[in-house]
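1. coords below, sequence missing:
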Ligand SMILES: CC(=O)SCCNC(=O)CCNC(=O)[C@H](O)C(C)(C)COP(=O)(O)OP(=O)(O)OC[C@H]1O[C@@H](n2cnc3c(N)ncnc32)[C@H](O)[C@@H]1OP(=O)(O)O
Ligand SMILES: CC(C)C(=O)C(=O)O
Ligand SMILES: [Mg+2]
C-alpha cells in the first residue's frame with residue numbers, strides 16, 4: 001500500500017511509449033532504458049506486452065531478470081493465453097513481477113471493438129484478474145477507456161476486480177479526452193461508490209491528445225489517486241502519455257500546494273531523456289518543459305538581468321535538480337580515460353570496459369577534428385558506437401565529389417559478411433549518390449520514408465547528426481542514426497544503421513536466411 005502522501009511512479013516508456021510510431025526498441029535497447037529507469041528510481045516499469053511478439057516476450061523476461069529493485073509489469077489482454085504468457089516472462093522478477101491486465105468498459109469499445117455485452121466484459125475482467133492472482137498477488141487491472149465509461153458500470157467493474165484480487169486499479173483516459181475537473185470527479189465518484197476501494201491503489205493513465213495529460217494526472221492525485229502512469233519525454237500512442245519528468249517536477253516544485261512525494265531521483269531525468277532520444281531517434285522539441293534544450297535558457301535581456309541578480313527571479317527549479325550540470329572538465333584531445341569515464345557516468349552511460357574502449361577511440365578521433373567535445377557529442381558517440389546493432393554492413397571508406405559543376409559521385413566501400421565490396425555511383429546530390437551506392441552494394445529495396453540532418457552542437461566544426469527512416473519488407477518503420485563531422489558520412493552511417501536493424505530483425509525472425 002502506498003502511504004497517504006506517496007505517489008507510485010509507474011513508467012510505461014517500454015510499453016505504451018514504444019507504441020509511438022517509430023519507437024520500437026530491440027531487446028538490448030530496452031535493457032539499457034530499463035537500467036536507466038532503475039537509476040531514476042521509478043517504482044514500477046512496464047517492460048512490454050509479452051503476447052505481442054517473441055521479441056517483446058524476451059525483452060520483458062530479460063528486464064525481469066536484470067532489474068534489481070523496481071517492480072516489472074507486463075501487459076495482457078483479459079484472456080488466459082495473454083496472462084499465462086505475461087507471467088512466463090515476469091516470473092523471473094518474483095514478487096516484483098506485476099501482471100497488468102485490461103479490458104475496455106466504455107459502450108463504444110464494448111459495442112464496436114469487443115462486441116461484448118456489459119455482463120460479458122464484467123465476467124471476462126473478473127476471470128482475468130482471478131487467473132492473474134493465481135500467479136501473483138501483484139495484479140493491476142485497467143478499465144480501458146474508463147473516462148468514457150458510464151460511471152455506475154465502471155464502479156461495478158472496479159468493485160468486482162478488487163474482490164477478484166486486483167491490488168491496483170487503473171482508470172485510464174485512453175483517448176486523452178477528459179479535463180482536470182471531470183477526471184477529479186470520476187476519482188471522487190469511485191471513492192464514494194466502490195465499497196472496497198481502500199483495498200487497492202487507484203492509478204491514473206492519461207494520454208495527451210488535448211495536451212492535458214499532466215494536468216489531468218495531477219487533478220487525479222489531488223482527488224485520491226496514488227499511482228501515476230507516465231513515460232519519459234511523454235512518448236506514447238498518438239500524442240503520447242503523461243510525461244514523467246513534468247509530473248514529477250511539478251510535485252517536487254509545488255510542495256506548497258501538492259504535498260506528495262515520489263522516490264524519483266530527479267538528477268537522472270536529463271540523462272534518461274537523452275538516452276531515450278538517442279535510442280529511438282525521437283527528439284524533444286526545444287521548448288519542451290523540463291528536458292527541452294531551452295527549458296533553462298534565458299534569452300531576453302530583462303530575464304538575463306534578473307537571473308544574474310537572483311536566479312529565482314526566473315527559475316522555479318534549478319537545472320542541477322534535473323541533472324543539467326555544468327561540465328567542469330573540458331574534454332578535448334588531451335583528455336584521458338578517467339575524465340572521459342567520469343563524464344559518461346554523469347550522463348547516465350554506465351558502460352562495460354570494452355564499450356568504454358570503443359567509445360574512447362572514437363572520442364579521440366573526434367577530438368582531433370573538433371576543438372571541444374560537448375555532452376551532446378558524447379551522447380552521439382555512444383549512440384553511434386555502443387548502442388548500435390550488430391552490423392551486417394560495415395562502412396569501410398567512402399569518398400564523394402560534388403559541387404555546382406560536376407555530377408555528384410559517391411565511391412563507397414562496405415564490408416558485407418566479412419567481404420569488402422566497392423562501387424561508384426552518380427546521383428542528384430551527394431547524399432542521393434551515397435544512398436544509391438549503398439543500395440547497390442546491399443541490394444536493399446527498402447523505401448526511404450524520410451531523411452533529416454542536423455548539427456549536434458553549434459559551430460562549423462560541429463558533428464552532423466542524420467536520421468533515416470526506412471520501411472522494411474514486413475511494413476515496419478525502421479529508424480537509423482549516424483553522427484560524424486562530415487554530414488555525408490553521417491548520412492551513410494544513418495542509412496547503414498537502419499539497414500543493419502532490418503538485417504538483424506530478419507536474422508532473428510528467420511535464422512535460416
Ligand atoms: C490502450 C492500449 O494501449 S491497449 C495496448 C495496445 N497495444 C498493442 O496492441 C500492441 C501489441 N498488440 C499486438 O501485438 C496484437 O494486437 C496482439 C498480438 C495483442 C493481438 O493480435 P491479433 O490476434 O492479430 O488481434 P488484433 O490486434 O487484430 O485484434 C485484437 C483482438 O483482441 C481483442 N481484444 C482487444 N482488447 C482486448 C482485451 N483487453 N481483452 C480481451 N480481448 C481483447 C479484440 O476484440 C480482437 O479480438 P478478435 O481477434 O477476436 O476480433
Ligand atoms: C492498457 C491501458 C492501460 C492503456 O494503455 C490505455 O488505456 O491507454
Ligand atoms: Mg495508454
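-> That came through, no problem. Worth saying up front: this structure is predicted, and the values here are computed from it rather than measured. Ligands and ions are numbered 1, 2, ... in the order given.

2. might one say that residue 283 is in contact with residue 276?
-> No: counting by Cβ atoms under 8 Å, residue 283 sits too far from residue 276 to count as a contact (10.0 Å). Every C-beta, even on glycine, is put in place using the N, C-alpha and C of the backbone.

3. looking at these two, which is more packed in?
-> Counted by other Cβ atoms under 10 Å, residue 283 and residue 276 do not tie: residue 276 has more neighbours, with 27 against 18.

4. hang on, that one in a helix?
-> Yes: the assignment for residue 276 (DSSP: H, G, I helix; E, B strand; the rest coil) places it in a helix.

5. can you name the residue of the stretch 251-400 of the chain nearest to ligand 1?
-> Ligand 1 sits closest to residue 280 of the stretch 251-400 of the chain, with a gap of 16.3 Å, by Cβ to the nearest ligand atom.

6. ok, that residue - contacts?
-> 20, 22, 23, 25, 235, 479 (Cβ atoms under 8 Å, 6 or more residues apart in numbering).

7. which pair of these spans the longest distance?
-> 235 and 479 (13.1 Å; Cβ to Cβ).

8. out of the two, which sits in the more crowded spot?
-> Each of residue 235 and residue 479 has its neighbours counted (other Cβ under 10 Å); residue 235 has more, 24 against 21.

9. so how far is residue 393 from the more buried one?
-> For residue 235, the distance to residue 393 equals 29 Å [Cβ to Cβ, to the nearest Å].

10. what's the answer for residue 322, then?
-> 38 Å.

11. can you check residue 313 too?
-> 54 Å.

12. can you check residue 14 too?
-> 28 Å.

13. for residue 165, same thing?
-> 51 Å.

14. same check, this time on residue 114
-> From residue 114 over to residue 393 (counting by Cβ to Cβ), the distance is 45 Å.

15. so those two - more neighbours on which side?
-> residue 393 (20 against 17).

16. where's the residue with the largest distance to the centre of the chain relative to ligand 1, distance?
-> Within the chain, residue 405 marks the point farthest from the mean C-alpha position, 44.8 Å out by Cα atoms, centre = their mean. The gap separating residue 405 from ligand 1 is 52 Å, by Cβ to the nearest ligand atom, to the nearest Å.

17. equivalent analysis for residue 423, please.
-> 39 Å.

18. do the same with residue 174
-> 5 Å.

19. and what of residue 200?
-> 19 Å.

20. which residue comes closest to residue 219 once chain neighbours are left out?
-> residue 180 (3.6 Å; Cβ to Cβ, 6 or more residues apart in numbering).

21. whoops, I mixed them up, residue 63
-> Using Cβ to Cβ, 6+ apart and skipping residues adjacent in sequence, the residue nearest residue 63 is residue 47, 3.9 Å away.

22. number of nearby residues for that neighbour?
-> 36.

23. of all the residues in stretch 363-383, which ones are buried?
-> 363, 366-367, 370, 373-383 (16 or more other Cβ atoms under 10 Å).

24. let's see which of these end up in strands.
-> Among the buried residues of stretch 363-383, DSSP state E puts none in strands.

25. from those, which is closest to ligand 2?
-> Of those, the one sitting nearest to ligand 2 (Cβ to the nearest ligand atom) turns out to be residue 383, at 27.9 Å.

26. identify the residues contacting the closest one.
-> 278, 279, 481, 483.

27. ok, now with 10 Å
-> 274, 275, 277, 278, 279, 281, 349, 465, 481, 482, 483, 497 (Cβ atoms under 10 Å, 6 or more residues apart in numbering).

28. same check on residue 361?
-> Taking Cβ under 10 Å, 6+ apart as the test, what residue 361 contacts is 381, 385.

29. host element of it?
-> helix 353-369 (DSSP states H and E).

30. get me the contact residues on this structure for ligand 2.
-> 16, 75, 102, 142, 144, 170, 172, 174, 205, 207 (Cβ under 6 Å from any ligand atom).

31. now for residue 153, how many residues are close by?
-> Considering only other Cβ under 10 Å, residue 153 is surrounded by 17 other residues.
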